[in-house]
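1. Need coordinates for the following:
(chains A and B)
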Amino acid sequence: MRLSISPSDPAATRHEGALAKGLRLTASDRPGVAQPVPVRDIPARPWVRMGAIAFCIVTLLLCAWEWNARTNIGLRAGDLDDSPQSWAEQRRIASTAPIAIVGDSRILFDTDLDRFEQLTGIRPVQVSHVGTNARPLLEHFANDPKFKGLLIVGLADTMYFGMPVIGLGGEAVHNFHKNGKPSQLTGLWIDRFLQRHIAFLDSEYRLSTQVKQVDTGWRHGADSPYEDVWKLAEVSDGRQYFMWDRIETDPYLRGHARHAWDGFKGPPVPPRLSEWVIARSAEAVRRIRARGGDVVFVRPPSSSQLRVNEEQRIPRVRGWDRLLKGTSAVGVHIDDLAQAQHLILPEWSHLTRRCATVFTDAYVRRLAEQTSRIKLRPDAPPPLNSKDCVAPPSRQVAAR
Amino acid sequence: MIFNSLTFIVFFVIVLALHNGPFSWRQKKINLLVASYLFYAAWNPPFVILLWVSTVVDWWAAQWMVRSKRERTRKAWMLISVVVNLGMLGYFKYGDFLMQNFVTVMGSIGVIYQPPPWDIVLPVGISFYTFATLSYTLDVYLRRSKPAGSFLNYALFVTFFPHLVAGPIMRPTELVPQFDEPRRATAHQLFFGLALLTLGLFQKVVIADGFLAPVVEAVYDAQGKVPGMLDSWTATLAFAGQIFCDFAGYSTSAIGVALCLGFAMPDNFRFPYGAVGFSDFWRRWHITLSSWLRDYLYIPLGGNRHGTARTYAALMGTMLLGGLWHGANWTFVVWGGLHGLYLSAERWLRSRFAGFKPGAITLFSLAILTFVLINVTWVFFRAKTFGEAGTILTGMAGLAAKPDPLIAAGPMIIALTIVAAIFGTHWAMRETTLEAVIERTPSVVLGSIWTLMLFAVVIEQGQGSAFIYFAF
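-> Reported below is the predicted structural model:
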């Protein structure tokens, strides 16, 4: 049986002229005339039965896929993907927030927002971004007349002083106004709802990504998918990033992550570039202060394997120290936090979940000594130290 | 709102429920009209005003054209419609382009002029609905059709969400009559529509975005790298596959969505990479645009009725403007110009070798040649600048000095396999339709393919990336 949705006689309208079976005319066959109502053939197949069976099988396949994601890959429901829309959402909130955090992936992974709130009573808005130079983010706040709070700028030296391009954070800034459309916001809400219940909805483990990761560098000289950064983090509400447990426990994934950093090697940062960055930063800080806000800098840890290369490319004295002097800002460098030494960085660049809490505890306490904009609560929990990286810290793990 | 988004799934379920609810036909049309405005406003609410302006102006222009007894008055109303529609399109889409070219020209004669930044956002789909609504007044002016019987039907024709933002570019005579009587999909139509929607999303989410786009980007977006012959050809072939799966995926989804509601939309693609020659290609690629350009540009420019020279001039003019329709950049003009040259050369060859009847092998060879030459044009379509296009073309010609390997082996193998499959499928199906092939395919095979496509769409997840043609 053939069906047609044409209102007129199907036999008269379906195939105009002497066309072979299966062909139908289109507008390209009828020049210079008013085009008639199109006719769509409905192939005589048991569509309802096929659709119902397909739906059932897909449901079963998805259950199997979900089981695989949870048991073999180690994904969890509630791990919310980050996205440009999610970043833009936090960026909008940050405009009127008392404290916001910008920077690269280190301050993003290494800040425990719950701990910050427990210590100060204020939950900062996390606007840092992976794969970026923090400066475009700092300047974005400098250009935001509504922002009058404290901006914590986290930086990795080579990214901040020597990154010639603006990175993914710069792209996020560039596309900020494009990422708040009504359909995107509703999509974000629905996506979050689904991700709270379904583990396989993880952009790092979509079908094409998994297929491509089979290539472990087959073509010499070309950047294979093995060179990309794979899944490193779990993300929860408010863009709270923490290192994914499997990086700590799986030697293959940990080794891959270390490989992807390539030791942060590279040529030394030209003094002209670092001085230009400092001058731009100083101007941004000046503008934020001019309207009543303030800026502090934080330098999270990196492992000795990376640190040696980072120091070679931009020594602390030429980068960090000059930045604080040039911006007249206060800052907390990991080297100066005695209680946050010997923290665990499984893939050399980011802290474990527990160590992130220890580091947050240490740098927030130090900032509270340096700026009046951060005050410790009278009932703040006791300080942590590197031993708490191994044993669960008393309060926040239970709370999470 | 885009078809490959979670928001659309929720939206579509609600629209389907309302369309099958216990409402009068008029109420259902009002529901569809409101839903279509929501569909458009979900992207950028203020631009709904442009839709209203276009709708109201063209409605009244057509009304007054019919009421006018004097030819000059009719022409005046037609011109008002053309100026308003093309004026909006020109302002939003070509304003910056014109300003940049003006600055360049002035600079070349020593006049330095620095205009303020042109911070105008391009309303999504403006090229599509402008052409759709223009065809209404032009058809009435040319006395090819009568004006719509009701404003509601006409407004719904302009805004009907399946075709609103990226086509197929519908003519009023194709859609307005469908609003005259109640329409509701049968179970077969509904499920076949869902199957088409699955196919379209599979093409877009899995093939175009998942597997082909990264290969294209690895070469076309590789700043400062020099691609060699293998990388340049692979990336360009991958783009040929990507642009087809992206755009044909949208059209297939749109046709499927409309079918679920009980409406018929025209074919927009007919296995274009199986084309033999460029006139054949343009009868298969973006059919609703090429036929629009033919009916409202090529034929009014004289078509083939005024001698050889005028025909070639009309052909080139049409294709150059067709290129510019795709984007405000000279690279698109060159893309259109190349197609104009191809069509002109083919026309000359056909007149020179009028009795030539190719055999099967020759025909297949000509199809490959057509595909290769079309790929050359895609370089200008994808490249953002002529410098970038030159780099890729140099690589394709094997003339790149010290090329860098840019595409990893795995993605390259996958991309080339997909493109070969697309080309093979188009060649095999060039004389038939999807529906005819489906009808003679066993249900078990069809159901399995449907299942796998749907499963792949869900586990690929998609990034909600916009369709390429949204920008046009």
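
2. contacting residues for the closest residue to B:Met429 other than its chain neighbours?
-> Leaving aside its chain neighbours, B:Met429 sits nearest to B:Phe271 (4.9 Å; criterion: C-beta to C-beta, 6 or more residues apart in numbering or on different chains). The way it works is simple: take the backbone N, C-alpha and C, and place the C-beta from them, glycine included. With contact set as C-beta atoms under 8 Å, 6 or more residues apart in numbering or on different chains, B:Phe271 has these partners: B:Arg284, B:Thr425, B:His426, B:Trp427, B:Met429, B:Arg430.

3. please redo it, this time with the cut-off set to 6 Å
-> B:His426, B:Met429, B:Arg430 (C-beta atoms under 6 Å, 6 or more residues apart in numbering or on different chains).

4. got the residues you listed as CSV, with neighbour count, secondary structure and pLDDT columns?
-> Listed next are the contacts of B:Phe271 as CSV, based on neighbours: other C-beta atoms under 10 Å in any protein chain shown; DSSP: H, G, I helix; E, B strand; the rest coil; pLDDT from 0 to 100:
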residue, neighbour count, secondary structure, pLDDT
B:His426, 20, helix, 96
B:Met429, 16, coil, 93
B:Arg430, 18, coil, 90
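
5. Okay, buried residues for the longest helix along chain B please.
-> Across chain B, the longest stretch assigned as helix under DSSP state H is helix B:229-261. Buried residues in helix B:229-261, defined by neighbour count with 16 or more other C-beta atoms under 10 Å in any protein chain shown: B:230-261.

6. what about the chain, any weak spots by pLDDT?
-> Since you didn't name a chain, this refers to chain A. A:1-22, A:164-165, A:391-400 (pLDDT under 70).

7. meant chain B, my bad for not saying
-> Checking chain B against pLDDT under 70 turns up B:462-472.

8. The most centrally placed residue in it: what's its closest spatial neighbour, skipping adjacent residues?
-> What sits nearest the mean C-alpha location of chain B, by C-alpha atoms, centre = their mean, is B:His286, with 5.3 Å. Counting by C-beta to C-beta, 6+ apart, B:Asn268 is the residue found nearest to B:His286 once chain neighbours are left out, at 6.2 Å.

9. Count the neighbours of the one you found for me.
-> 27 (other C-beta atoms under 10 Å in any protein chain shown).

10. Likewise for A:Asp379?
-> There are 8 residues near A:Asp379, going by other C-beta under 10 Å.

11. Ramachandran angles for it?
-> For A:Asp379, the backbone dihedrals (degrees, to the nearest 10) come out as phi -100, psi 30.

12. Surely B:Thr290 is in contact with B:Trp282?
-> Rather than Thr, residue B:290 is Ser. Yes - with contact defined as C-beta atoms under 6 Å, B:Ser290 reaches B:Trp282; the gap is 4.6 Å.

13. What segments of the stretch 51-200 of chain A are strands?
-> A:99-103, A:125-126, A:150-154 (DSSP state E, counting those that start in this stretch).

14. For the last one, report the contacting residues that lie outside it.
-> So the one you mean is strand A:150-154. A:99-103, A:107, A:134, A:138, A:141, A:294-298, A:300, A:373.

15. Tell me the one of those residues nearest A:Leu345?
-> A:Pro300 (9.6 Å; C-beta to C-beta).

16. From the structure, what's the count of residues near the closest one?
-> Neighbours of A:Pro300 under the rule other C-beta under 10 Å: 30.

17. Distance check, it against chain B.
-> Separation of A:Pro300 from chain B (C-beta to the nearest C-beta, to the nearest Å) stands at 29 Å.

18. Just read off the phi/psi values of that residue.
-> phi -70, psi 170.

19. next one: A:Tyr241
-> The phi/psi pair for A:Tyr241 (degrees, to the nearest 10) reads phi -90, psi 140.

20. What is the burial count for the residue in the stretch 1-150 of chain B positioned nearest to chain A?
-> In the stretch 1-150 of chain B, the residue that lies nearest chain A is B:Ala42 (3.6 Å; C-beta to the nearest C-beta). If you count neighbours by other C-beta under 10 Å, B:Ala42 ends up with 21.

21. Spatially nearest residue to it, not counting backbone neighbours?
-> A:Ser183 is the one closest to B:Ala42 (C-beta to C-beta, 6+ apart), at 3.6 Å.

22. Would you quantify the distance from that neighbour to B:Pro45?
-> Counting by C-beta to C-beta, to the nearest Å, the gap from A:Ser183 to B:Pro45 is 11 Å.

23. cool, B:Lys384 as well?
-> 30 Å.

24. try A:Gly51
-> From A:Gly51 to B:Pro45 the distance is 35 Å (C-beta to C-beta).

25. which one of the two has more residues nearby?
-> A:Gly51 (22 against 13).

26. Identify the residues contacting the more buried one.
-> Applying C-beta under 6 Å, 6+ apart, the residues contacting A:Gly51 are B:Phe191.

27. what does the stretch 201-350 of chain B have sitting close to chain A?
-> Taking C-beta under 6 Å from any C-beta of the partner chain as the contact definition, the stretch 201-350 of chain B meets chain A at B:Gly210, B:Phe211, B:Ala264, B:Pro266, B:Asp267, B:Arg283, B:Ile287, B:Thr288, B:Ser291, B:Arg294, B:Asp295, B:Ile299.
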